[in-house]
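> fold the following and give me the result.
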Amino acid sequence: MPARGRPPAYARRVLRITDARTGESVDAAPVRRGLTRVEAHVPGYDTGALRVLLVADLLVRALELGGTPVWGVLTGEREQAQLRAAVAALGIRPLEDRRDIGPGLGEAQVIHVVQEGGSTPDGVQVAVAPVHSELPGAPQDADPTALRLALLTRHRSAPLRLDAAVLGQAHDTLVRRRRAVAAWAQQPSRPIPDEARTRLRTAWEDDLDVPAVLDVLTWVESAPDLSDGARFETYAYADRLLGLDFTRDLGSPA
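Below is the predicted model:
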């Protein structure tokens, strides 16, 4: 049990990310409660750009969960309308247009999310590996939340192959987990277990390791010593980062 008057250990952790310029791990928010700007750099609209936007969104969410003031910015060279539509469809937090913000707001930290081998702005850079898409249609034709999950299944530093089978598996996983969450919600609520919360925070604060977060949720789903009420609260908490709308089916017929 933490000492009286002190936050638990997970609350004192700091999100650390790998700076693509140096290969070193750095604090994503080095100044306590200082404003951090997360800027997504995409040359145009394609599946690789969607992955960059999604990583920027995850950074914004993780920093907010850690208590850091943060705002997201989009630097796009073309196809702005398609990019903005994708942001809305994928549940990405609204991003300011870089052309409209002037010199900024005196941020303590600026983090640039870029495509691997692409733009190289000054400052901390988070590189996102490419997506090799084999989908029969355009990205906007896919189920947005299934596409979001499919893009989350591998660490951002690893190339991702995206085809109909991968998208179908993501869809099936969402259906199964949403049904489970809806069933758990019918049981009395219980606090998030300390072990579950710590494992989740450890995963996403270690270079934004989202696949590890998904592994924790797999453990939560089947751990025999967890109550259904605790499973529900844990999934709802993790979804503040993942943005997969796990609670969508609450109240729906089984």
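> can you list contacts of the worst-scoring helix or strand of the chain on mean pLDDT?
Within the chain, no helix or strand scores below strand 96-97, which has a mean of 84 by mean pLDDT, DSSP states H and E. Identification of contacts with strand 96-97 by C-beta atoms under 8 Å, 6 or more residues apart in numbering yields 71, 72, 73, 74, 80. C-beta: built from backbone N, CA, C; applies to glycine.
> distance from that strand to the middle of the chain?
The chain centre lies 19 Å from the centre of strand 96-97; the measure is C-alpha atoms, centre = their mean, to the nearest Å.
> next secondary structure after that strand?
Sequence-wise, the next helix or strand downstream of strand 96-97 (DSSP states H and E) is strand 109-115.
> and the next element down the chain from that next one?
Per DSSP H and E, the helix or strand that comes after strand 109-115 is strand 124-128.
> for that following strand, what is the average pLDDT?
Model confidence over strand 124-128, given as mean pLDDT, is 96.
> which stretches of the chain have low pLDDT?
Applying pLDDT under 70 to the chain flags the ranges 1-13, 31-33, 77, 98-105, 137-138, 252-254.
> which secondary structure elements does the longest helix seen in it sit against?
What stands out as the longest helix in the chain, according to DSSP state H, is helix 164-184. The helices and strands touching helix 164-184, judged by 3 or more C-beta pairs under 8 Å, 6 or more residues apart in numbering; DSSP states H and E, are helix 144-152, helix 210-222, helix 228-242.
> between it and helix 228-242, how big is the angle?
Going by axes from the mean of the first three to the mean of the last three C-alpha atoms, to 10 degrees, helix 164-184 is angled at 140 degrees with respect to helix 228-242.
> buried sites along helix 164-184?
166, 167, 170, 171, 173, 174, 177, 178, 180, 181, 182, 184 (16 or more other C-beta atoms under 10 Å).
> residue 97: neighbouring residues, count only.
Per other C-beta atoms under 10 Å, the neighbour tally for residue 97 reads 12.
> would CSV of the helices and strands packed on helix 164-184 with distance to residue 29 be doable?
Output for these, formatted as CSV (distance: least, C-beta to C-beta, whole Å):
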stretch, distance to residue 29
helix 144-152, 22
helix 210-222, 18
helix 228-242, 15
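> closest one to residue 202 among these?
Nearest to residue 202 among the helices and strands packed on helix 164-184 is helix 210-222; the distance by C-beta to C-beta comes to 8.1 Å.
> starting at the chain centroid, how far to that closest one?
On C-alpha atoms, centre = their mean, the centre of helix 210-222 falls 14 Å from that of its chain.
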